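[1] sequence and predicted structure, then a few things I'm wondering about:
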Protein chains: 2
Amino acid sequence: MAVDFSIDPKSGVPFYRQIKERVKYGIARGLLTPGDQLPTVRQLAAELSVNPNTVVRAYREMELEGVLDTQQGSGTFVGLRQPQIDELERQRRLDQILTELLARAHQYGLSLADILEGLRQRKEES
Amino acid sequence: MAVDFSIDPKSGVPFYRQIKERVKYGIARGLLTPGDQLPTVRQLAAELSVNPNTVVRAYREMELEGVLDTQQGSGTFVGLRQPQIDELERQRRLDQILTELLARAHQYGLSLADILEGLRQRKEES
DNA sequence: GTAATTGTACTGTAATACTAGTACACTAGA
DNA sequence: TCTAGTGTACTAGTATTACAGTACAATTAC
């Protein structure tokens, strides 16, 4: 299963931070294992339609954090040190998404119960 | 039950957007009902330790969206407008919102089960 | 050795978000 | 009327984010 590197321009979260999150979650979920090569700077920039500098920033910060190893000339790779899954960060993200979801749903006249019911149906389908 | 207006400086989401989300969420949950007065601009700015201009922006955008009513000199209030839509339209929008929600959640490494659990917790709180 | 590919390092520009400060207009209540 | 509290409207400055372009350095494959 490939890693989904897509980013969300509407979220308000800076691109470079979204890229970092995607990589870290990929590692946390085992989709990326130590030694794996990440997309090249230019490649990922083209795929996401962002500036190469933005990808560079994401990669460099993660290298400083010890998450990635970069080797000039050959590429960027997943480091041997596993980043700890930040449960707080995860909870915060979930909270944010849910808050936004419910606010939007209300604008369309949908209740929390409606959401729950809709999600349950989707769960059964999957 | 009071509305929690706290914001998260680390999330990367602009303050004014977080304020909007909180207010809309409060309305969605019934913690804020039409006619209720919101904290004043200066009051909320002090509480959140942000600039009054930031609160102004959040309030103004929501007024343009029809969510709030502002009355110069007296305060800012929850709007009376309750959108009414037919059942088909309602179902279509629910579907659309859920699709977008799940896409975004998955992007952040959150599963459908995570979403359901988070929503159940919110339901219990209300 | 050469060419292609990789990461790196700059400079500069623009838009957005946020802060700071000041002043003004309207409303409610004593 | 007076005063306090409300939203409103500015101007200005700073920091962050992202983009655009160029050039250089290291590695790899041929």
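    The structure has been received and is ready for your questions.
[2] grab the nearest non-local neighbour of the residue nearest the centre of chain A.
    Centroid-nearest residue in chain A: A:R22, 2.5 Å away (criterion: CA atoms, centre = their mean). The shortest distance from A:R22 to any non-neighbouring residue, by CB to CB, 6 or more residues apart in numbering or on different chains, is to A:F5 (5.4 Å). Backbone N, C-alpha and C define where each C-beta goes, glycine included.
[3] and the helix or strand bottoming out on mean pLDDT in chain A, which residues are buried?
    Among the helices and strands of chain A, helix A:87-107 carries the lowest confidence by mean pLDDT, DSSP states H and E, at a mean of 81. Of all the residues in helix A:87-107, those buried under the rule 16 or more other CB atoms under 10 Å in any protein chain shown are A:90, A:93-94, A:96-107.
[4] is it true that A:L110 touches B:E89?
    No: between A:L110 and B:E89 there is no contact under CB atoms under 8 Å: 10.9 Å.
[5] just the element for A:D69, please.
    Following DSSP states H and E, one finds A:D69 within strand A:68-71.
[6] quick one: is whichever helix or strand comes after that strand near DNA strand D?
    Next helix or strand after strand A:68-71 toward the C-terminus (DSSP H and E): strand A:75-78. No: contact of strand A:75-78 with DNA strand D is not found when judged by CB under 7 Å from any atom of the strand; the minimum separation is 8.1 Å.
[7] hmm, back to that, dump the residue contacts of the residue nearest to the centre of chain A.
    Shown in contact with A:R22 (CB atoms under 8 Å, 6 or more residues apart in numbering or on different chains): A:3-7, B:107.
[8] closest to A:G79 among those residues?
    Nearest to A:G79 among those, counting by CB to CB, is A:V3 at 15.6 Å.
[9] partner residues bridging the nearest residue to A:Y59 once chain neighbours are set aside?
    Nearest residue to A:Y59 in three dimensions, chain neighbours excluded: A:T76, at 5.4 Å (CB to CB, 6+ apart). Assessed by DSSP bridges, A:T76 has beta-bridge partners A:T70.
[10] count the residues that sit near the closest residue to DNA strand D within chain A.
    Nearest residue of chain A to DNA strand D, counting by CB to the nearest atom of the strand: A:G73, 2.2 Å away. For A:G73, the neighbour count with other CB atoms under 10 Å in any protein chain shown is 4.
[11] buried residues in stretch A:49-65?
    Residues A:50, A:54-59, A:62 are the ones in stretch A:49-65 that count as buried (16+ other CB under 10 Å).
[12] wait, does that stretch contact DNA strand D?
    Yes: legend: contact between stretch A:49-65 and DNA strand D by CB under 7 Å from any atom of the strand is shown at A:49-54, A:57.
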